[in-house]
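*Asks:* next one to model:
(chains A, B and C)
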Amino acid sequence: MIRYILKKFGFMLVSLFCLVTATFVLMNAVPGSPLQSEKATSETIQKNLEAYYGLDKPLIVQYGIYLKNLVQGDLGISMKKKFQAVDKIISDSFSYSLKLGLVSVVTSVVAGCVLGIIAAMYHRKFLDNLAMIIAVIGLSIPSLVLAPLLQYVFAVKIKAFEVAGLNGPMDYVLPTIALSATSIAFIARLIRSTMIEVLNADFIKTAKAKGLAGHLIVWRHALRNSMLPVVTFLGFLMANVITGSVVIEKIFAIPGLGKFFVQSVSDRDYPLIMGITIFYAAILMVSRLLADIAYVLVDPRIRMSGGKGAK
Amino acid sequence: MKYKKVLSTAMAVTLAGSLLAACSNDKNNNTASPSASATNSPAESQASQENKTPQEFRFTLASEPPSLDPALMTDAQSSIVASGLYDGLTRLNPEGVPEPAIAKEWTMSDDGKTYTFKLRDDAKWSNGDPVTANDFEYSWKRALNPETASEYAYMLFYLENGEKYNSGEGSADEVGVKAIDATTLEVKLNSATPYFNSLIAHYTYWPVHEASVDGKPEWAADAKTIVSNGPFLLKEWAHGDKLVLTKNPDYYNAANVNFDTVTISLVEDETTVYNLFETGKIDWIGAQAGVVPLDVTPKVLSEGKGEVKEIASTYYYLFNTKQKPFDNVKVRKALSMAIDRQAIIDNVTKANQTPAYGLIPPSIGGLDGTNFRVLYPDSDYFSENVEEAKKLLAEGLAEGGLDKFPETTLLYNTSEGHKAIAEAIIDMWRKNLGVEVKLSNQEWGTFLETRDAGQFGIARAGWGADFNHAINFSYDLIHPKSLNNDGKYDNQAVGKALDDAIVATDEKARLDLIAQAEKTAIADDMAILPLYYYTTVTMKKDGFEDVVSDYAGHLDWAFGKKTN
Amino acid sequence: MLQKDSKTGAIRPEMFQPLRRDSGQGEKFQRERLTAWQDIRMRLYSNKLAMTGFWIMVVVLLFAVIAPLIYPHDHFTNDLTKTNMPPSADHWFGTDDLGRDMFERTWKGAQISLFVGFAAALIDLIIGIIYGGIMGYYGGKVDEAMNRFAEILYAIPNLLVVILLLVVMEPSLTTIIVAMSITGWINMAWIVRGQIMQLKNQEYALASKALGAGAMRIIFRHLIPNAMGPILVTMTLTVPGAIFTEAFLSFLGLGVQSPVASWGTMINDGVKSMTIYPWRLFFPAFFLSLTMFAFNVFGDGMRDAFDPKLKK
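*Replies:* Coordinates of the predicted model:
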């Protein structure tokens, strides 16, 4: 297993290198520059600025310098947020996104599983329909609408929560609901869908025939076998949610990573774009690796390294 | 380079008295409130000390100040925060009049080119060091140093050899600023600049503390390392989240500083800002410190919960004058005359903006306390007239050898407001002239590049004041050599009038020339399509006084107070 | 296989009757298919919720196509004297900030959003199934390489790609769909991969392999149909996702240009005036949710109906 993971990390580094290169090229190909402003700046000053940020050098040299610094663990300094180190911006904002993201992932999994199991156990009965209607509503109301609606009703009208910010535990409630609604619904539907199949599978029927109690069947056999798509989904839900949702962060004024990322692109803040991209990719790759490892744990029939299906 | 050189000369010669007149004839009730910073009377300072309940002022900014380093600041966000942190040689009061700050008094040589400032000896840095003339010399040279890469270095091109040093041709020693002793600063200018005492209130002229700054470029990005000299101290800067400022007890004018704490939260979403105000979490919206959402604006205004204040910015459309059919003046006039500006203001922008028929906004100063627009009204430049517009369009198209209006796009940068205005305008063109214009929106960076490259037929544009003078709206927008003249309007007579305006010795003659250039460019040539002069809608909680929007539309709060 | 069995077990005299009845229609093949479909249809029909979903989709589609043709107002003409009017007899869904008719705009927007949503979902589905199927079935180095490629693509800032696309392509619906498809399928591919990895070692797949079936046949005939559940569920997430991505891309300047508006852009704009002019948000949001609801329950019903394992 350790060799497997080490090998995976090796591949990850290669991927990261490709990603860095691709993003660097893309970023420079996109129109606009970090130094542009609405009012034209004189050539002298423009030149000083370019020299200062090293943008006067040929692209390939800039790329070399970036790689060299990157290898030394230096992500550079933001060009728009003057003299704020990129790694500091990322770690500051990530702490907000991570907290909210983890709360949201846990909420999604727990609520999604409960809804999904209920629906599957009472397949085509009233509870199934009710659970699925709830889930579908969650899927079809975008966070873009849900978040301001929650804010208006619960913070402005009822005054039960704060309008914005993440200062106390109660402040997590509204953003978490807004952030989790879609994934709750999605997980519930995934669980239901696979569990209905699993509940009809022979081994469950055998278990039933052997007289195993209904809830034991669900917990011991069915859920475990239904978790696989959820685990896949979690692989990138984790990556996406803990790196922040732009919409939620904007509406609840949370200084998370998502907001900085969009801002960095519209500012063409090159070092920040690169830094957040690398950070995001690393998280994505690690969560996907964890998901792969979880596959094996969840379903012992799956072999990761090559396996029977391959050669 | 050429452009900035000309511009800096323009600024150097033309500003006379204009900064002084900044808000002086503002008919807003803001002027009725007493100005805190203007008075040093013991009675008032007594009063503020008796008021024991801690005063807090809370507002929001849409994004974090990119920098709180005076040499690197370029934007409203930074200047709103930093105006509480720093004190320059002088400081503009809410009316825009410069008052002594770190400089107690000053003298000007007979030729107007040399200023000698006498600094107060009780001003201190937040680390306890005295603020000296050396600090100013260091700071100004630092901002000019090419290695500092200051975008606003040109604000210091007034100084003798300032530009030379910045372009890497001269040395720091040649720059015309010198500390004679700890409290005497001698400044040599390129040319007589009678309003220099206003200019030094601008943030690029603010001092920094050499020992804390030298070799530590990141000094101003952290509350722990920033060293400042103003009425407030930066207590906390949680990046992306909020800034907390507290009253500076060692500030020499601390008696007139009333707020004990100022909390600035960074909130981007307009509705969230409004909800924060409604739930009592902030005390102010408007003037670049939050925006009152468009849809609630009419309600806010009709219920008397907000105020409208003119700001020195113009909203206009650029014509690409090098491209058919916009190379034809009659076509340009037709498009401009077919728009009902008041209808757009009443139904789309909704904040009592003033319809624009010229370039120069009403809040820009003029002469002897009378604003430029009052002296030279734009109402006779042209009038909205659909019948006339139709006739002109037909003639214009015929002159251009076109049998119908060619396919054109109107380019704007993405924003709900710009979109609504553009939609309303193309609908007016369709109804009034039978002309179909397509819309195209782009995100900011792409938009700027497309517009700079002249890849448009019609493009949205806006211009806000850098300084309070009509030349800032005429030279920059319509001079053939201006880098900001993206429509490539080229009328040598206009260029000549503006060049003459820059070197004119008499302020009246200068304004006459500017007005003449403006009139030619609009009434005769319709170089651009003016739409409206901006306003800002502000809301504040009861009891707050002396927190206002200045002439350019930036929140001025440092000497505000709460009365209950 | 079931049908073969029943055929061999059939009683001779009875075999002649169905043949005669079918003589005009041709081969047995067709008949067998017909009954399979009939069976599915029957199961679908008996699922009331799924049928409700089906009819809702039909009605929404009909409205999207027909309403703009017969309704007296158009979607672009401003009427600045009638801005932000609540629903009335003249303007059924009220008017927007420029006095344009919301009923007309809602259905005009439906055309764009439904097209974009379903087209993007379909493309994601096709690419995702192929890519994910191959990745999951072959495993090993193939999986590793394809996985890495997908990860890199997924991690490249989408925003940059889209802005660059804006430079090379004209803003249009095609551009939007291209922009969304560049990375949209990855999610689906991963879900499929996980499913295939789980299914490929099951008895029927191994049996098929032992009988000499090719990889493609095993993947697409045996494995994918058994993974349909999660695939359909993922698709139900893709459609609303695509509809809102379209709004976001329009924001960047890539999408359909105003005055045409999609549900996504209308919701985007409507949210800001939610408390004052609620109808500007309500109608597009309501019909989007309704369509999504219908699509979901219908998709569920379809899956149940197709799945032989669920036969009662």
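*Asks:* residue contacts, B:I102?
*Replies:* B:87-89, B:119-120, B:123, B:131, B:136, B:207, B:229 (Cβ atoms under 8 Å, 6 or more residues apart in numbering or on different chains). Any C-beta I mention is one placed from the backbone N, CA and C, and that applies to glycine too.
*Asks:* please redo it, this time with the cut-off set to 10 Å
*Replies:* B:86-91, B:117, B:119-120, B:123, B:131-133, B:135-136, B:183, B:185, B:200, B:206-207, B:229-230, B:252 (Cβ atoms under 10 Å, 6 or more residues apart in numbering or on different chains).
*Asks:* and what of C:G255?
*Replies:* Shown in contact with C:G255 (Cβ under 10 Å, 6+ apart): B:441, C:112, C:116, C:171-173, C:175-176, C:179, C:245-249, C:261-262, C:264-265.
*Asks:* what's the pLDDT at it?
*Replies:* Confidence at C:G255, expressed as pLDDT, is 73.
*Asks:* isn't there a strand covering it?
*Replies:* No - read with DSSP: H, G, I helix; E, B strand; the rest coil, C:G255 is coil and lies in no strand.
*Asks:* which residue sits closest to the residue in the stretch 401-550 of chain B that chain A sits nearest to in space, ignoring its chain neighbours?
*Replies:* For the stretch 401-550 of chain B, the residue closest to chain A is B:G445, as judged by Cβ to the nearest Cβ, at 2.8 Å. Leaving aside its sequence neighbours, B:G445 sits nearest to A:G32 (Cβ to Cβ, 6 or more residues apart in numbering or on different chains; 2.8 Å).
*Asks:* where does the chain have low pLDDT?
*Replies:* Going with chain A. Chain A contains residues with pLDDT under 70 at A:213-215, A:220, A:300-311.
*Asks:* hm, I was asking about chain B
*Replies:* Ranges of chain B meeting pLDDT under 70: B:1-52, B:94-96, B:194.
*Asks:* spatially central residue for it, please.
*Replies:* Nearest to the mean C-alpha position of chain B, counting by Cα atoms, centre = their mean, stands B:A465 at 3.9 Å.
*Asks:* tell me the contacts of it?
*Replies:* B:22, B:311-314, B:360-361, B:363-364, B:472-473, B:551-553.
*Asks:* the residue of the stretch 401-550 of chain B closest to chain A: which element?
*Replies:* Using DSSP states H and E, the element containing B:G445 is helix B:444-452.
*Asks:* residues in contact with that helix?
*Replies:* Looking at what lies outside helix B:444-452 - Cβ under 10 Å, 6+ apart - the contacts are A:30-34, A:36-38, A:40, A:265-268, B:318, B:320, B:411-415, B:418, B:440-442, B:455-456, B:459-461, B:483-484, B:486-487, C:163-164, C:166-167, C:252-253.
*Asks:* same deal with stretch C:62-72?
*Replies:* Stretch C:62-72 has contacts (Cβ under 10 Å, 6+ apart) with C:74-75, C:90-92, C:101, C:103-115, C:287, C:291.
*Asks:* may I have the phi/psi pair for B:F57?
*Replies:* B:F57 adopts backbone torsions of phi -120, psi 130, taken as degrees, to the nearest 10.
*Asks:* report the beta-bridge partners for it.
*Replies:* Under DSSP bridges, the beta-bridge partners of B:F57 are B:V262.
*Asks:* from C:E144, how far out is it?
*Replies:* Plainly put, B:F57 is 58 Å away from C:E144 if you go by Cβ to Cβ, to the nearest Å.
*Asks:* the nearest residue to B:G457 once chain neighbours are set aside - how many residues pack around it?
*Replies:* Distance criterion Cβ to Cβ, 6+ apart; nearest residue to B:G457, sequence neighbours excluded, is B:T408 at 3.9 Å. If you count neighbours by other Cβ atoms under 10 Å in any protein chain shown, B:T408 ends up with 21.
*Asks:* now do B:Q455
*Replies:* B:Q455 - counted by other Cβ under 10 Å - has 13 other residues nearby.
*Asks:* what's the answer for C:P68, then?
*Replies:* Neighbours of C:P68 using other Cβ under 10 Å come to 20.
*Asks:* give me the secondary structure label for it.
*Replies:* Per three-state DSSP, the local secondary structure of C:P68 is helix.
*Asks:* so what's B:S63 up against?
*Replies:* A:80-81, A:259, A:263, A:267, B:75, B:77, B:240, B:266-268.
*Asks:* against the centre of the chain, work out the most remote residue.
*Replies:* Since you didn't name a chain, this refers to chain A. Farthest out in chain A is A:T44, which, by Cα atoms, centre = their mean, sits 43.4 Å from the centre.
*Asks:* try again with chain B
*Replies:* The centre of chain B is farthest from one residue, B:D403, which by Cα atoms, centre = their mean lies 43.8 Å away.
*Asks:* from chain C, how far off is that residue?
*Replies:* Distance, B:D403 to chain C, using Cβ to the nearest Cβ, to the nearest Å: 25 Å.
*Asks:* with adjacent residues omitted, what lies nearest to that residue?
*Replies:* Using Cβ to Cβ, 6+ apart, the closest residue to B:D403 is B:L397 (7.3 Å).
*Asks:* so that neighbour, which state does it fall into?
*Replies:* Assignment for B:L397 (three-state DSSP): helix.
*Asks:* so it touches B:F326, yeah?
*Replies:* No - taking contacts as Cβ atoms under 10 Å, B:L397 lies outside contact range of B:F326: 11.5 Å.
*Asks:* end to end, how far does stretch B:428-448 reach?
*Replies:* 26 Å (Cα to Cα, to the nearest Å).
*Asks:* what are the buried residues along that stretch?
*Replies:* B:428-430, B:432-433, B:435, B:437, B:439-448 (16 or more other Cβ atoms under 10 Å in any protein chain shown).
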